[in-house]
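Peer 1: A predicted structure for the sequence below; I have some questions about it.
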Amino acid sequence: MLKSVGRYFLFLGSLFKNRESFKTYVSLFFDECVKVGTNSIFLIATVSIFMGAVTTIQTAFNLVSPLIPKYVIAIVVRDMVLLELSPTIIAIIFAGKVGSNIAGELGTMRITEQIDALEVMGLNSSSYLVLPKVLATVFMFPALVVTSAFLCILGGYLAVSFTDVITPAEYTQGIRYQLNEFMVIFAMIKAVTFAFLVSTISSFMGYYTKGGALEVGKASTSAVTNSVIAILLADYLLAQLLAEYLISF
């Protein structure tokens, strides 16, 4: 375990050694942005809309006390979306889609000796192949989280529009009621952290794949598993570090 952790940090350090020209990374960066971000929008949008709608309906059925104003339902949905649903749940889905793809791609390149060929040519293969993926993921995933949060809230609005749990006016009132701006910052901190973990862990698992096609599949599975565990641990640590500041903001 400690050997793997140490190897992981050495791998991170290798990303910044003997880098190629800036122009080379620019083209690779935009290619990875399309793979990581644009190709994930449909899945993220679908999950977010239904997640917001279901959360709104279930919250409404649980807050049935006549002493609780109806707009509190929207407040609960808004806070859940910003603090947990959009950053964390979407990160787990993101790890399953993008993380497995990164690990599978690098694993295939390893077993077909394409990475060895790059090293023979004098290139830093880890920097050339992995650094654009990490930068693109860190850049695009926060944008996906913002999109997810908007669509979650929109999904809740559509849910109340087609049901009678609360009125759309009450939902809008709750969404706008005493918004703590730091929740948005908190969500972005989580998004950047989770994106870095998913991209680097998945790249690490794929880059050091050994064997054949079977091991590529195992590397993809390990990448998703380890990324999800890292996301949950980071989520807990960030909550511990920033929750007190969130209350006092």
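Peer 2: Nice, thanks for sending it over.

Peer 1: and residue 36, what pLDDT?
Peer 2: Predicted confidence (pLDDT) for residue 36: 87.

Peer 1: distance of it from residue 146?
Peer 2: When CB to CB, to the nearest Å is the yardstick, residue 36 and residue 146 sit 15 Å from each other. C-beta: built from backbone N, CA, C; applies to glycine.

Peer 1: before we move on, what about residue 236?
Peer 2: Between residue 236 and residue 146 the distance is 23 Å, computed by CB to CB.

Peer 1: quick one: distance of whichever helix or strand residue 42 is part of to the chain centre.
Peer 2: Secondary structure here is read from DSSP states H and E; on that basis residue 42 sits in helix 41-62. The chain centroid and the centroid of helix 41-62 are separated by 17 Å under CA atoms, centre = their mean, to the nearest Å.

Peer 1: packing partners for it?
Peer 2: Contact partners of helix 41-62 among helices and strands, from 3 or more CB pairs under 8 Å, 6 or more residues apart in numbering; DSSP states H and E: helix 71-80, helix 90-94, helix 125-162.

Peer 1: show me what the second one is packed against.
Peer 2: If contacts are counted by 3+ CB pairs under 8 Å, 6+ apart, helix 90-94 sits against helix 41-62, helix 125-162, helix 182-207, helix 213-248.

Peer 1: identify whichever of those lies nearest to residue 31.
Peer 2: Evaluated with CB to CB, the helices and strands packed on helix 90-94 place helix 125-162 nearest to residue 31, the distance being 7.5 Å.

Peer 1: helix 125-162 and the helix or strand just after that closest one, what's the angle between them?
Peer 2: Moving toward the C-terminus from helix 125-162, the next helix or strand (DSSP H and E) is helix 168-176. Calculated by axes from the mean of the first three to the mean of the last three CA atoms, to 10 degrees, helix 168-176 forms an angle of 140 degrees with helix 125-162.

Peer 1: residue 21: neighbour count?
Peer 2: If you count neighbours by other CB atoms under 10 Å, residue 21 ends up with 7.

Peer 1: and what of residue 79?
Peer 2: By the measure other CB under 10 Å, the count of residues near residue 79 is 14.

Peer 1: when you give positions from now on, start the count at 138
Peer 2: Yep, numbering from 138; the last one is residue 216 now.

Peer 1: and the closest residue in space to residue 215 that isn't next to it in sequence, how far is that from residue 170?
Peer 2: Leaving aside its chain neighbours, residue 215 sits nearest to residue 312 (5.2 Å; criterion: CB to CB, 6 or more residues apart in numbering). Between residue 312 and residue 170 the distance, using CB to CB, works out to 30 Å.
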